[in-house]
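[1] model this:
(one chain, ligands or ions: 1)
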Amino acid sequence: MSRDPQPAGASPQTGILPLRPELVGAQPYGAPQLDVPVRLNTNENPYPPPQAVVDAAAEAVRVQVASLNRYPDREALELRRDLADYLRSDTGVALDAAHVWAANGSNEVMVQVLQAFGGPGRTAMAFTPTYSMYPEYARDTHTAWVTGHRGDDFTLTPESAAAQVRDRAPDVVFMASPNNPTGTALPLDVVTAVHDATAGVVVVDEAYAEFRRAGTPSAMSLLEGRPRLIVTRTMSKAFAFAGARLGYAAADPAVVAALRIVRLPYHLSAVSQAVARVALAHAPELQRDVARLRSSRDGLVTWLRAHGFEVPDSDANFVLVGRFDDRRAVWEGLLEHGVLVREVGPPEWLRVTVGTEQEIDRLTSALAAVTGRATAQQEREVGR
Ligand SMILES: *Cc1c(COP(=O)(O)O)cnc(C)c1O
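    Have a look, this model is predicted:
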């Protein structure tokens, strides 16, 4: 199933248009949306929202539709209050609506950050390998783009991160924690070192924070007294709500005030606000699926390492797996077994989203077959 109106790889006829030169030949972002049985390529939550959420959201939409002749609450105040309550329950950090901002996915929040704090003559930075959307936000907001780099094991030390930031003097730094595509979370001393090494704003992108292992901290606890720090989150992953497009940021109220200046009028629909509030009201139920995915993730990491694959520690709902001399061949082999993973990140690695237990079984059998390594099941049979 290709949902794109353009066949994959087709270039639009941009030659006839007065397009900005930096956009000529560019492809829209997105992983292939292929119709295969096991889709482990976009870090979605494999468990759909529970029936109670479906029913309550349907009722909430019914109520909203009756007044869709009116624009929504453009401050999304009730939603922001609920998000603040949720963050307090997840991190123990006391926040209120004035510290929270919401938009259509955390992607929109981060573009708004560049609209407010980046732009012509300014520079944004991230440490590669990392989320491939960051340079696109920079391009789209006319912000210059520079990169720093992570160590060979994809981690960052406070000294290295701070030195690279001082060297490049960015106005905005993006740091994903846990990082996509590596799964690695940042120690808080890296965040504080980067913050202290720049006069710009520092965005910690915590899209996968709810999947972090016990003991892995959230940067929310650093917000107090750091008005240039912004922590973004999303309902796309842990809340099984990717289709609803709801992301948010926690920051000093002055940051929220700045983002309100650049947001489009009534950017967040009444329907989005209402269904997001329903999902937040059911957070404890949704967290059960998150707990299940965390334990599946840990099991998958153990299996992969036991079979000789390299896997960086993951605090996310995906793992980076390597190393492959020819990752394209492995990617294609898995696809032949009905398993779609993501060819992304450094060249010898593939990224695999943690699916249901059955999907993980399909993945491990396929990976064993494609790479010639025995599955645990086959080993048990041999041992019997
Ligand atoms: C998935 C993801 C997001 C979430 O994007 P939304 O727009 O909220 O769906 C943000 N950052 C990273 C690194 C991601 O992988």
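[2] which stretches of this protein form helices?
    Assigned by DSSP state H, the chain shows helices spanning 51-65, 77-91, 105-117, 134-140, 158-168, 188-197, 253-262, 270-281, 283-306, 327-336, 357-371, 376-383.
[3] compare those helices and give me the one nearest the ligand.
    Closest to the ligand of those is helix 105-117 (CB to the nearest ligand atom; 2.5 Å). Where you see a C-beta, it was placed from the backbone N, CA and C, and this is true even at glycine.
[4] quick one, which of the helices of the chain is nearest to Arg226?
    helix 188-197 (6.0 Å; CB to CB).
[5] wait, Arg297 sits on Val319?
    Yes - between Arg297 and Val319 there is a contact at 6.7 Å, judged by CB atoms under 8 Å.
[6] compare the two (neighbour count), which wins?
    Using other CB atoms under 10 Å as the criterion, Arg297 and Val319 rank with Val319 on top: 25 against 22.
[7] how far away is that one from Ala185?
    According to CB to CB, to the nearest Å, Val319 and Ala185 sit 13 Å apart.
[8] now do Leu367
    For Leu367, the distance to Ala185 - CB to CB - is 25 Å.
[9] which segments of this protein make up each domain?
    Using automatic domain parsing, the domains assigned to the chain come out as 21-47+289-382, 67-286.
[10] what's the span of the last one, first residue to last?
    With CA to CA, to the nearest Å as the measure, the ends of domain 67-286 fall 29 Å from one another.
[11] is the ligand contacted by that domain?
    Yes - judged by CB under 6 Å from any ligand atom, domain 67-286 comes into contact with the ligand through 105-107, 131, 176, 180, 205, 207, 234, 236-237, 242, 247.
[12] hang on, the earlier thing: which neighbours do Arg297 and Val319 share?
    Val354 (CB atoms under 8 Å, 6 or more residues apart in numbering).
[13] ok, which of the domains of the chain comes nearest Ala57?
    Closest among the domains of the chain, using CB to CB: domain 67-286, at 4.5 Å.
[14] before we move on, back to that, deepest-packed of the domains of the chain, please.
    Stretch with highest mean neighbour count among these: domain 67-286 (a mean of 20; mean count of other CB atoms under 10 Å).
[15] surely Gly333 and Ala368 touch.
    No - Gly333 is beyond contact range of Ala368, at 10.9 Å (criterion: CB under 8 Å).
[16] one step back: would you reformat the domains of the chain as CSV and include mean pLDDT?
    Output for those, formatted as CSV (pLDDT from 0 to 100):
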stretch, mean pLDDT
domain 21-47+289-382, 92
domain 67-286, 97
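[17] any chance of those domains in a markdown table, with distance to Val61 too?
    Below are these laid out as a markdown table (distance: least, CB to CB, whole Å):
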| stretch | distance to Val61 |
| --- | --- |
| domain 21-47+289-382 | 20 |
| domain 67-286 | 6 |
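[18] Ala56 is nearest to which of these?
    Short answer: domain 67-286, nearest of the domains of the chain by CB to CB, at 4.7 Å.
[19] nearest residue to Leu367 other than its sequence neighbours?
    Leu334 (6.7 Å; CB to CB, 6 or more residues apart in numbering).
[20] got a list of what that neighbour touches?
    Leu334 neighbours (CB under 8 Å, 6+ apart): Leu340, Val341, Leu363, Ala366, Leu367, Val370.
[21] go on, Gly119?
    Counted by CB under 8 Å, 6+ apart, Gly119 has contacts Thr141, His142, Thr143.
[22] then Asp205?
    Ser106, Met110, Tyr131, Phe174, Met175, Ala176, Ser177, Thr232.
[23] tell me the pLDDT of Ile16.
    Residue-level confidence at Ile16 comes out at 84, pLDDT.
[24] next, count neighbours for it.
    Ile16 has 7 nearby residues by other CB under 10 Å.
[25] and it, how far from the ligand?
    Distance of Ile16 to the ligand, given as CB to the nearest ligand atom, to the nearest Å: 32 Å.
[26] so the residue nearest to Leu367 versus Ser314, what's the distance?
    19 Å.
[27] gap between Val370 and Pro37?
    In terms of CB to CB, Val370 sits 16 Å off from Pro37.
[28] so who does the closest residue to Thr356 other than its chain neighbours touch?
    In space, and not counting its chain neighbours, Thr356 is closest to Pro46: 4.8 Å by CB to CB, 6+ apart. Neighbour list for Pro46: Leu293, Thr353, Val354, Gly355, Thr356, Glu359 [criterion: CB under 8 Å, 6+ apart].
[29] okay but Glu343 is in contact with Ala329, surely?
    No - taking contacts as CB under 8 Å, Glu343 lies outside contact range of Ala329: 10.8 Å.
[30] one step back: what about the helices of the chain, which gets the closest to Leu23?
    Nearest of the helices of the chain to Leu23, taken as CB to CB: helix 134-140 at 7.8 Å.
[31] who does the closest one touch, helix- and strand-wise?
    Helix 134-140 makes packing contacts with helix 105-117, strand 123-128, strand 144-149 when contacts are defined by 3 or more CB pairs under 8 Å, 6 or more residues apart in numbering; DSSP states H and E.
[32] identify the residues contacting that helix?
    Residues contacting helix 134-140 (CB under 8 Å, 6+ apart): 22-23, 29, 107, 110-111, 114, 118, 124, 126, 143-145, 174.
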